[in-house]
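J.: predicted model follows, preceded by the sequence.
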Amino acid sequence: MKKISNYLLKSTTFFCMLIFTACDEDVPVENTNALNPEIFFESASQVEAAVNASYNQFQILYQRVGYVFPDTMSDEVVSSGDANFAPFNRFEFNATLGNIAQYWTACFNGIGACNFVIGNEERMRTNSANSDFTEADVDDALGQAYFLRALYYYHLVKRFGGVPIKADLATALDDEPRATADQVYDQMIADLKLSTQLTFPKGTTEVGRVTREAAYALLGKIYLHREMYTEAQQTLNNVTNHTLLPLEQYRDNFSESGEHNDESMFEIGYNGEVGTETERWAQTGIGTSEVTFHSQEYTGWGNAKPSSKVIAEFEDDDPRLDMAILQDDTDTYGPGDVFQFPCPGCSGGPVWYKFSQLYDDQDVAENSGVNVRIMRYADVVLMQAEVEMNLGNIDGAVSFLNQIRDRVGMPRYGTATMDARGFPVNTSEQVFNAIVHERFVELCGEQQRFDDLIRWNLDDEELSIFPDENFNNPDPSLQNVRNYDPNVHRIMPIPQNEIDSNTQIGPEDQNPGY
């Protein structure tokens, strides 16, 4: 049973941070009084509390907006008319939308909490000589903070492009101009290099915390996205101590009972039992409870339904389809129970099965405690395939792809069966097509597809038509055109309140087209 409670701590140095207590499953929180940083970091519990505060804003992000933006802007989702989803599904958003501002604010609040830890390194190291924590504990605390800061910036640069870089606690409250996207990536790489050196490896730290392997995985992802393939290869090869779950355990990647398994590399912790009904409801779902709206949004209300396009991408015999998406004819078995779609509390099909409470208790109420998996080892294996392809090693790329196929019992690439299905792998171009397909079906609904299409320069081709039942109609007049402009919508607008309040960012600094 998860035991998480929420509290708010105000620092005299910068805005707000949240303090957590120890737990053996997720990183939890409890109420505490305001603390003065001048007398902080004097005990192991204070160091732990400051580090735990750095995690909290991801919990806020993934209550709703963290998955809404990348999923609804991709071709995996068709949205209802919900005001929080439709503007992104239709590419009709603007700088004044409150949920864009909340995404921005959550990320920078998280960066501030990380800076509070990083900026007090000297104090921690000095105090470790005469306290109940060690230099190694300080290293791990810093490693976690560096990783989390990089991950917050990853979320920012993917959604907004260049953003202000805040890496100095002494100037935390100062207005900063926008840095370039390249400068933000450089900051992330520097942070993650430090994290890989400082953070404890998997199995030697509390479950739910950042590990060395997670730092290598995120660093490798950034190298891949920056087309630094040799660096990506070397870095991803350092990701050890994780495995692909076998088919009979595949659902554990998306259920509450399967949290923190050997395939999961980093996840955001939730607890459906914490918080009142009122606390669950705030603008865009950001309340003070420990729940995520993902199960209700994607299964119960159907505000983000799986698109006809993503369903069509699965091969007919792929068992992953029924473990990712519920359709009208899906007969799916839960633990000790059998239920057939339509299920209790579900909107009309199809709906998402990933991260739905239907995996465990057939309940899709908004108080979901299913952890959001930010990184899985399957993503690492697919990135390794892509790296090998770009380095000219076709056989190596196919070998990594077949690891993904083998674990779900699907035909291997490089066989007559896959050639007949339209996926030969004799050239780099053919291997690339297989990678695009495999990432689409393996990682659907996990906030990867939109960013993949952009970095592959496939976004204009794939996002210009609504992914509904007419997406592949041979008569173009029957296809529904989407309001996607690759010169505008690859990134979102800088929030208007940031332009209004930051003296270093003016209207001329807004992203083009907004």
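T.: Received the coordinates, thanks.
J.: only C-alpha atoms from now on, for both contacts and neighbour counts.
T.: OK.
J.: is it true that residue 147 touches residue 215?
T.: Yes: under the criterion of C-alpha atoms under 8 Å, residue 147 makes contact with residue 215 at 6.2 Å.
J.: overlap in contacts of these two?
T.: Each of 192, 195 lies in contact with both residue 147 and residue 215 under the rule C-alpha atoms under 8 Å, 6 or more residues apart in numbering.
J.: okay, those two: which has more neighbours?
T.: residue 215 (34 against 30; other C-alpha atoms under 10 Å).
J.: C-alpha coordinates for the one helix or strand that one maps to, PDB please?
T.: Using DSSP states H and E, residue 215 sits within helix 212-225. Extracted in PDB, the C-alpha atoms of helix 212-225 (Å, rounded to 0.1, in the frame of the first residue of the first chain):
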ATOM      1  CA  ARG A 212      22.500   5.700 -12.500                       C
ATOM      2  CA  GLU A 213      20.900   3.600 -15.200                       C
ATOM      3  CA  ALA A 214      18.100   6.100 -15.700                       C
ATOM      4  CA  ALA A 215      20.600   8.900 -16.000                       C
ATOM      5  CA  TYR A 216      22.500   6.900 -18.700                       C
ATOM      6  CA  ALA A 217      19.100   6.300 -20.500                       C
ATOM      7  CA  LEU A 218      18.100   9.900 -20.600                       C
ATOM      8  CA  LEU A 219      21.600  11.100 -21.600                       C
ATOM      9  CA  GLY A 220      21.600   8.500 -24.400                       C
ATOM     10  CA  LYS A 221      18.100   9.700 -25.600                       C
ATOM     11  CA  ILE A 222      19.400  13.300 -25.800                       C
ATOM     12  CA  TYR A 223      22.500  12.200 -27.700                       C
ATOM     13  CA  LEU A 224      20.300  10.300 -30.100                       C
ATOM     14  CA  HIS A 225      17.900  13.300 -30.600                       C
END
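J.: after it, next one along is what?
T.: In N-to-C order, the element after helix 212-225 by DSSP H and E is helix 229-236.
J.: got the angle between that next one and helix 212-225?
T.: 170 degrees (axes from the mean of the first three to the mean of the last three C-alpha atoms, to 10 degrees).
J.: mind listing what's buried along helix 229-236?
T.: Within helix 229-236, the residues scored as buried using 16 or more other C-alpha atoms under 10 Å are 229, 232, 233, 235, 236.
J.: what's the mean pLDDT across it?
T.: For helix 229-236, mean pLDDT rounds to 99.
J.: in this structure, which spans are strands?
T.: Taking DSSP state E to define them, one finds strands in the chain at 9-10, 16-17, 77-79, 264-268, 304-306, 325-326, 331-334, 337-340, 351-352, 372-376.
J.: any idea which of these scores lowest on pLDDT?
T.: Across those, the lowest-scoring stretch is strand 9-10, with a mean of 32.
J.: pull the distance from stretch 376-390 to the chain's centre.
T.: Offset of stretch 376-390 from its chain centre (C-alpha atoms, centre = their mean, to the nearest Å): 17 Å.
J.: residues contacting it, please?
T.: 217, 221, 224, 229-230, 232-233, 236, 242-244, 263-266, 394, 396-401, 403-404, 428, 431-432, 435, 438-439, 442-443.
J.: per-domain residue ranges of the chain.
T.: 9-199, 253-271+290-374, 376-478 (automatic domain parsing).
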